[in-house]
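S.K.: One predicted model, sequence on top.
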Amino acid sequence: MAILSAFEMLMKPPAELPSVAAVFGGDTALRSWSISALCAGGDVTSFDGDVVRWSDLRDDLATASLFDFDGKRAIIVRDADKFVSNHRPELEKYVAKPGTSNRFVLDLSSLASNTRLYKAIAADHLLVACNASPDKKLGITSASRRKFLCNHVAKRHKATLSADAADALIEMLGDEMGMIDTEIAKLALYREPGETIDEPLVRDVVAGWQGKTVWQITDAIASGNAAEAMLQLDKLMSGGQRPIALLPQIAWSLRRLGMATAVVEHREREGRPVQLEDALSAAGIQRPAEIQQAKKQLRGLGRARGRQLLPWLLDADLRLKGTHSAEGRDRFLLEQLVMRMAKSAN
């Protein structure tokens with residue numbers, strides 16, 4: 001049938017659902033929503049992928065539900081990575097000729113595209129990729145993610161979300177859909193039915209004490225106060241914030257300071273006069289109060305640290321989504337980044 005992103009599948013489900021589907025990817029909320037969509041209208045039987053064996057499933061896959069009158073019964077293997085590794089030959093055989101009484105759904109954190117199982121499901125059934133980060137191969141872009149938040153997630157809470165507000169949520173929270181869904185649910189309480197959740201509301205409400213703490217981290221980094229930066233970072237992580245969600249919040253203002261530094265150095269190389277206010281404006285800092293705060297932070301950072309901000313932040317982002325995505329390693333990486341950025345040149 002197809003390989004779809006969860007965004008596509010949830011906003012426009014296929015007219016005819018297949019007998020086998022694999023839902024895979026790192027975003028657990030997207031996986032949960034996709035599985036619910038695949039199982040809508042039918043009886044559901046779930047198995048734990050860490051302990052279930054193929055022999056446990058065989059009879060269920062061959063037996064229709066006595067209580068399912070309007071649709072197929074769904075048989076789901078949750079957290080199926082280990083199950084797939086242990087029973088790949090049996091799965092490949094079943095996918096080649098599945099039963100018609102049930103819909104078989106595999107819930108996986110990952111599924112390699114070079115495996116026979118992946119190719120077989122993609123050719124004749126349905127693969128749903130549950131990642132929210134931009135991916136050209138899957139057609140996931142910033143625009144499609146924004147559309148998904150406005151047209152699907154917000155509607156789950158009978159809310160109207162502006163495009164700017166959607167971008168602000170991604171900027172402040174990262175692209176973990178479960179966390180964003182929770183915040184939209186909260187924001188919906190601040191608006192009457194029919195009113196729009198806009199960017200100012202997002203920045204005011206979502207920030208809260210956590211946003212204030214992020215600003216304290218930024219100020220501590222700019223002034224070279226590593227101890228204060230680490231203290232405030234620990235407060236956020238002890239409060240349940242994950243490093244993958246914290247990095248975009250910390251990086252938001254620091255990235256603009258790095259861009260302003262790059263503008264200054266570019267104009268200097270061209271022999272053009274440089275006004276710091278112009279460089280800050282080019283970096284997206286335009287409100288008078290923000291300009292004064294940013295000027296103070298740039299002076300505290302100094303030129304050497306300012307020019308390193310962009311490469312440091314990019315490197316940390318790539319590592320958090322790759323080599324340092326595991327719990328423990330992600331915290332170590334974020335703490336290392338904050339220490340590096342907050343290290344005074346003096």
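M.R.: Happy to help now that I have it. Given the structure is predicted, the values throughout are model-derived calculations rather than measurements. Residues are numbered from 1 along each chain as shown.
S.K.: I'd like the next helix or strand past the worst-scoring helix or strand of the chain on mean pLDDT.
M.R.: Each helix and strand of the chain was given a mean pLDDT (mean pLDDT, DSSP states H and E); the minimum falls on helix 208-223 at a mean of 78. As assigned by DSSP states H and E, the chain's next helix or strand after helix 208-223 is helix 226-238.
S.K.: then that next one to CSV, C-alphas only?
M.R.: C-alpha atoms of helix 226-238 as CSV (Å, rounded to 0.1, in the frame of the first residue of the first chain):
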residue,chain,number,x,y,z
ALA,A,226,28.5,28.6,35.1
ALA,A,227,27.4,27.7,38.7
GLU,A,228,24.1,29.6,38.4
ALA,A,229,23.4,28.2,34.9
MET,A,230,23.9,24.7,36.2
LEU,A,231,21.8,25.3,39.2
GLN,A,232,18.8,26.6,37.1
LEU,A,233,19.3,23.8,34.6
ASP,A,234,19.1,21.2,37.4
LYS,A,235,15.9,22.8,38.6
LEU,A,236,14.3,22.3,35.2
MET,A,237,15.4,18.8,34.7
SER,A,238,14.3,17.9,38.3
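S.K.: any idea of the mean pLDDT for the longest helix anywhere in the chain?
M.R.: Ranked by residue count, the top helix of the chain under DSSP state H comes out as helix 288-320. For helix 288-320, mean pLDDT rounds to 86.
S.K.: Equivalent analysis for stretch 18-32, please.
M.R.: Rounded mean pLDDT across stretch 18-32 is 91.
S.K.: What residues of the longest helix of the chain count as buried?
M.R.: 293-295, 297-298, 300-301, 305-306, 309-310, 312-313, 316-317, 319-320 (16 or more other C-beta atoms under 10 Å). The way it works is simple: take the backbone N, C-alpha and C, and place the C-beta from them, glycine included.
S.K.: What of stretch 53-61?
M.R.: Buried residues in stretch 53-61 (16+ other C-beta under 10 Å): Leu57, Asp60, Leu61.
S.K.: Going through those residues, which one is the model least confident about?
M.R.: Asp60 (81).
S.K.: Could you look up the SS state of the nearest residue to that one once chain neighbours are set aside?
M.R.: The shortest distance from Asp60 to any non-neighbouring residue, by C-beta to C-beta, 6 or more residues apart in numbering, is to Ile75 (5.5 Å). In three-state terms, and counting by DSSP: H, G, I helix; E, B strand; the rest coil, Ile75 is strand.
S.K.: Quick check: Leu4 touching His125?
M.R.: No: assessed by C-beta atoms under 8 Å, Leu4 is found out of contact with His125, at 11.5 Å.
S.K.: pLDDT at Phe69, what is it?
M.R.: pLDDT, Phe69: 44.
S.K.: Just say helix, strand or coil for Gly26.
M.R.: Gly26 ends up coil, using three-state DSSP.
S.K.: how much space between the residue of the chain positioned farthest from its centre and Ala262?
M.R.: Taking C-alpha atoms, centre = their mean, the residue of the chain most remote from its mean C-alpha position is Gly271, at 41.8 Å. With distances taken as C-beta to C-beta, to the nearest Å, Gly271 is found 17 Å from Ala262.
S.K.: helices and strands around the host helix or strand of Ala143, which ones?
M.R.: Here Ala143 sits within helix 142-148, counting by DSSP H and E. Here helix 142-148 touches helix 6-11, helix 163-173, going by 3 or more C-beta pairs under 8 Å, 6 or more residues apart in numbering; DSSP states H and E.
S.K.: Out of these, which is the most enclosed?
M.R.: Each of those was scored by mean neighbour count; the highest is helix 6-11, a mean of 22, by mean count of other C-beta atoms under 10 Å.
S.K.: where are the low-confidence patches of the stretch 151-300 of the chain?
M.R.: 207-212, 287, 289 (pLDDT under 70).
S.K.: Show me which positions of stretch 101-118 end up buried.
M.R.: Neighbour count says stretch 101-118 has Ser101, Asn102, Arg103, Phe104, Val105, Leu106, Asp107, Leu108, Leu111, Leu117, Tyr118 buried, by 16+ other C-beta under 10 Å.
S.K.: and these as TSV, adding secondary structure and pLDDT?
M.R.: Below are those laid out as TSV (DSSP: H, G, I helix; E, B strand; the rest coil; pLDDT from 0 to 100):
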residue	secondary structure	pLDDT
Ser101	coil	79
Asn102	strand	85
Arg103	strand	90
Phe104	strand	93
Val105	strand	95
Leu106	strand	96
Asp107	strand	94
Leu108	strand	94
Leu111	coil	93
Leu117	helix	95
Tyr118	helix	94
